[in-house]
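S.K.: Sequence below, structure please.
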Amino acid sequence: MGELYGRSIDEARRRAGAVAQIAAVEQSLRTDGPDAGTRRLRIVAGETDLELLPDRGLDLGQLRHRGVPLAWVSPTGWPRPGASGFGASFGGGLVTTCGLLSFGPPSVDAEGEHPQHGRYSWLAASVTRAEVTADAVVVEGVVVEASVLGAHLELRRRVRVPLGGSRIELRDEIVNRGSREVEPMVLYHVNLGWPLVDAGSVLRSPAARVHARDAAAEAGLSTWAEFPAPVAAYPEQVFHHDLPDVGRVSAEVRAASGLGIRISFDTRELPAMFQWRVAQDDGMVLGVEPATAATILGREDARARGLLRPLAPGASWELGLDIDVMRDEPVT
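M.R.: Okay, the predicted model is just below:
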């Protein structure tokens, strides 16, 4: 078990007037602005402060560690359902889940129409648990993506933040509740921003090979690992990282200051990873995106390349990430 402010967890609990002094999960409702009426959950676990978004599939919003913001948040924020299109409603945050049936550009198939990056982030979660335990703060919820006489997928999410550390554990179980086989397609869009992401910040990837999505990315392929200085206009660049089939791997983003994020996952669950980079004066963002299929070109391309995996009725997949904050370790 870790420490809180130089004391063991047990000693910290004895010294605090209430557990809420050192760890809490707080529920609130937004009352103003484009997201008025939407729910928020705030996890406080020692030096870690994490926002959860129940009305965005229990995705992860801003993360602060020792008061420093680490996630990128877009100008749109997280408006209520009804905003016009992905570009007008993609709030960023630490993790945006893309799926559960498609990610990448819009597409149409036997399952229906799939908007850019899927429907998931517009689905509301039923929060089933929110509590401080002996060693962690834990939130759980259920999200359903279904259509009449069509696909019926249930995602059961668990977010756990251990006390006395700097780790966020995200665990999902996707269950096929329908009567026929379905082919899920999921991507975890991890969005990192300033001050972690700045000129000279470095991405360390487990990839055996990195290649560009298109001509815009090709122009930056030789420098994919180092974040550039911002300019007035910067076409987004997307890189595909070919991962080794070795099980557990990690990608790291490190600033020259020593501040960093490590994203760990299992390639048996998430065999692909993409990188999204924009270095623009009005927004510096680095996306690290583990995924279930090795294409960022949408469901049609995934099907054509044989990358979709079937999920039988009643069967389930287990997916997840660990996100660790690293401090005071200079880039070497």
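
S.K.: contacting residues for Ser74?
M.R.: Contacts for Ser74 (Cβ atoms under 8 Å, 6 or more residues apart in numbering) come out as 90-92, 283. (Each C-beta comes from the backbone N, C-alpha and C, glycine too.)

S.K.: Please list the outside residues in contact with the strand or helix carrying Ile168.
M.R.: Per DSSP states H and E: Ile168 is located in strand 167-176. Identification of contacts with strand 167-176 by Cβ under 8 Å, 6+ apart yields 48, 50, 60, 63, 94-95, 97, 100, 152-162, 182, 184, 186, 188, 311-325.

S.K.: The residues you listed in strands, which ones?
M.R.: With DSSP state E as the criterion, strands contain 48, 50, 60, 63, 95, 97, 152-162, 188, 316-325 from among these.

S.K.: Of the residues you listed, grab the buried ones for ChimeraX.
M.R.: Buried subset of the ones in strands among the contacts of strand 167-176, written as a ChimeraX selection, criterion 16 or more other Cβ atoms under 10 Å:
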select :48,50,60,63,95,97,152,153,154,155,156,157,158,159,160,161,162,188,316,317,319,320,321,322,323,324,325
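
S.K.: From Leu319, how far out is the spatially closest residue to Arg119 that is not a sequence neighbour?
M.R.: Leaving aside its chain neighbours, Arg119 sits nearest to Glu145 (6.0 Å; criterion: Cβ to Cβ, 6 or more residues apart in numbering). From Glu145 over to Leu319 the distance is 14 Å, taken as Cβ to Cβ, to the nearest Å.

S.K.: Kindly report the same for Asp172.
M.R.: Distance, Asp172 to Leu319, by Cβ to Cβ: 5 Å.

S.K.: Find residues that contact each of the two.
M.R.: In contact with both Asp172 and Leu319: Val186, using Cβ under 8 Å, 6+ apart.

S.K.: buried ones in stretch 271-281?
M.R.: 271-279.

S.K.: Just the CA trace of stretch 262-279, in CSV.
M.R.: What follows is stretch 262-279 as a C-alpha-only set of coordinates in CSV (Å, rounded to 0.1, in the frame of the first residue of the first chain):
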residue,chain,number,x,y,z
ARG,A,262,2.5,6.2,-19.0
ILE,A,263,-0.3,4.3,-20.8
SER,A,264,-0.2,0.5,-20.3
PHE,A,265,-2.4,-2.1,-22.0
ASP,A,266,-2.4,-5.6,-23.3
THR,A,267,-1.9,-6.2,-27.0
ARG,A,268,-4.0,-9.4,-26.8
GLU,A,269,-7.0,-7.1,-26.1
LEU,A,270,-5.9,-4.0,-27.9
PRO,A,271,-3.5,-5.0,-30.7
ALA,A,272,-3.3,-1.6,-32.4
MET,A,273,-2.3,2.0,-31.4
PHE,A,274,-2.6,5.3,-33.2
GLN,A,275,-1.1,8.7,-32.5
TRP,A,276,-2.9,12.0,-33.1
ARG,A,277,-0.9,15.2,-33.1
VAL,A,278,-1.9,18.9,-33.5
ALA,A,279,0.6,21.7,-32.7
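
S.K.: Would you map the helices across the stretch 151-300 of the chain?
M.R.: Counting by DSSP state H, counting those that start in this stretch, the stretch 151-300 of the chain has these helices, from start to end: 215-218, 299-304.

S.K.: now the end-to-end length of stretch 127-143.
M.R.: 9 Å (Cα to Cα, to the nearest Å).

S.K.: Tell me how confident the model is about it, as a mean pLDDT.
M.R.: Taken as a whole, stretch 127-143 has a mean pLDDT of 97.

S.K.: Okay, buried residues for it please.
M.R.: Across stretch 127-143, burial judged by 16+ other Cβ under 10 Å covers 127, 130, 132, 135-141, 143.

S.K.: Tabulate the residues you listed in a markdown table, adding columns for distance to His114 and secondary structure.
M.R.: Formatted as a markdown table, those follow (distance: Cβ to Cβ, whole Å; DSSP: H, G, I helix; E, B strand; the rest coil):
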| residue | distance to His114 | secondary structure |
| --- | --- | --- |
| Val127 | 26 | strand |
| Ala130 | 31 | strand |
| Val132 | 38 | strand |
| Asp135 | 40 | coil |
| Ala136 | 35 | strand |
| Val137 | 34 | strand |
| Val138 | 32 | strand |
| Val139 | 28 | strand |
| Glu140 | 27 | strand |
| Gly141 | 23 | strand |
| Val143 | 17 | strand |
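
S.K.: got the residues you listed as TSV, with distance to Val231 columns?
M.R.: Shown next, in TSV, are the buried residues of stretch 127-143 (distance: Cβ to Cβ, whole Å):
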residue	distance to Val231
Val127	42
Ala130	43
Val132	45
Asp135	46
Ala136	42
Val137	40
Val138	43
Val139	39
Glu140	43
Gly141	40
Val143	38
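
S.K.: Which members of those residues are the farthest-apart pair?
M.R.: Using Cβ to Cβ, the buried residues of stretch 127-143 span at most 26.1 Å, a distance reached by Asp135 and Val143.

S.K.: Measure how buried the closest residue to Arg158 other than its chain neighbours is and give me the count.
M.R.: Of all residues not flanking Arg158 in the chain, Arg171 sits nearest, at 4.5 Å (Cβ to Cβ, 6+ apart). Using other Cβ atoms under 10 Å, Arg171 has 15 neighbouring residues.
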